[in-house]
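>>> just the structure for this:
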Amino acid sequence: MGDHVNTETLKPLFALTLQDPRAAAERVIEMKLPTTVWWMALSLTVVLTSLSMIARMLASPLPQEAIDSLSQTPQGQQTLLMYSMFTESPIFITLMIFGFTVLTVHMLCWVGRALGGQGSLSDVLSVFTLLQIMTLVISVGLFLLGLAVPVLAGLGSLAFLAWSLWAIVCFLDVAHQFDNPFKAFGVLIASFVAVLIGASIAMGVLGGLILGLTGGT
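Below is the predicted model of the structure:
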């Protein structure tokens, strides 16, 4: 099956993912694609996600009142610096997001196996990549919808948030062969906390270094 992956197979897979994430996860894992293929797909998705984030930030810049308010505190200055880095240093930001994404994949694998899961890194990577692709496509669609009908886009975002939580739990349950969504949810929470702590430390250190280099200006 992995030798015949094309748009004709991807379209039904996307539809299946929306309707039945568990069945979609099983199908993706059954593809048995090389791990390098999934890493390449995830890398491309991260690049496109970063570009879409930058485009949305440029389309909706921070109001001057918010900039003036944030510039009054060290934490606010760090926020402004990170904001400017997103819009002015897309390559650096893309690499940073990719680093956190790689960490997330490994944490979902390690924590799952620590809790008795059987999923390999390739299994977790494949379902996680599928989720990231779906997230990119839907988020872009919601952004475009928001330009025309903001209220409908807001409701769609809430629905997508609920769906994505349900989908990742199903994905992890299938990848680790738990047959227990509560255990899969525990893997998700533990991994999220670990990545959040790591990201907070990294962002704090990075923000401090930037403030030191720029003299806090």
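>>> check which helix or strand covers the residue nearest the centre of the chain.
In the chain, the C-alpha nearest the mean C-alpha coordinate belongs to residue 132, at 5.6 Å (C-alpha atoms, centre = their mean). Assessed by DSSP states H and E, residue 132 sits inside helix 121-148.
>>> that helix packs against which elements?
Here helix 121-148 touches helix 7-19, helix 21-30, helix 35-59, helix 90-114, helix 150-175, going by 3 or more C-beta pairs under 8 Å, 6 or more residues apart in numbering; DSSP states H and E. Any C-beta I mention is one placed from the backbone N, CA and C, and that applies to glycine too.
>>> what's the offset of it from the middle of its chain?
8 Å (C-alpha atoms, centre = their mean, to the nearest Å).
>>> ok so, going back, residue 73: which of the helices and strands packed on helix 121-148 is closest?
helix 35-59 (21.1 Å; C-beta to C-beta).
>>> tell me what the helix or strand just after the closest one is packed against?
For helix 35-59, the following helix or strand on the C-terminal side (DSSP H and E) is helix 64-70. With contacts taken as 3+ C-beta pairs under 8 Å, 6+ apart, helix 64-70 sits against helix 74-88.
>>> what is the rounded mean pLDDT of the helix it packs on?
Average pLDDT, helix 74-88: 68.
>>> what of stretch 139-149?
87.
>>> now do stretch 106-122
Averaging pLDDT along stretch 106-122 yields 92.
>>> run the chain-centre distance for that stretch.
18 Å.
>>> residues in contact with it: which ones?
Contact partners of stretch 106-122, identified using C-beta atoms under 8 Å, 6 or more residues apart in numbering, comprise 35, 38, 105, 124-125, 128, 172, 175-178, 183-184, 186-188, 190-191, 194-195.
>>> got any ranges where the chain has weak pLDDT?
Where the chain drops to pLDDT under 70, the residues are 1-9, 60-62, 66, 74-83, 85-87, 202-217.
>>> ok, now with 80
1-11, 54-90, 92-93, 198-217 (pLDDT under 80).
>>> could the helices and strands packed on helix 121-148 go into JSON lines alongside mean neighbour count and distance to residue 68?
Converted to JSON lines, these look like this (neighbours: other C-beta atoms under 10 Å; distance: least, C-beta to C-beta, whole Å):
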{"stretch": "helix 7-19", "mean neighbour count": "13", "distance to residue 68": "43"}
{"stretch": "helix 21-30", "mean neighbour count": "19", "distance to residue 68": "44"}
{"stretch": "helix 35-59", "mean neighbour count": "16", "distance to residue 68": "18"}
{"stretch": "helix 90-114", "mean neighbour count": "18", "distance to residue 68": "24"}
{"stretch": "helix 150-175", "mean neighbour count": "17", "distance to residue 68": "26"}
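>>> now render those as a markdown table, adding distance to residue 137.
Formatted as a markdown table, these follow (distance: least, C-beta to C-beta, whole Å):
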| stretch | distance to residue 137 |
| --- | --- |
| helix 7-19 | 7 |
| helix 21-30 | 14 |
| helix 35-59 | 10 |
| helix 90-114 | 17 |
| helix 150-175 | 11 |
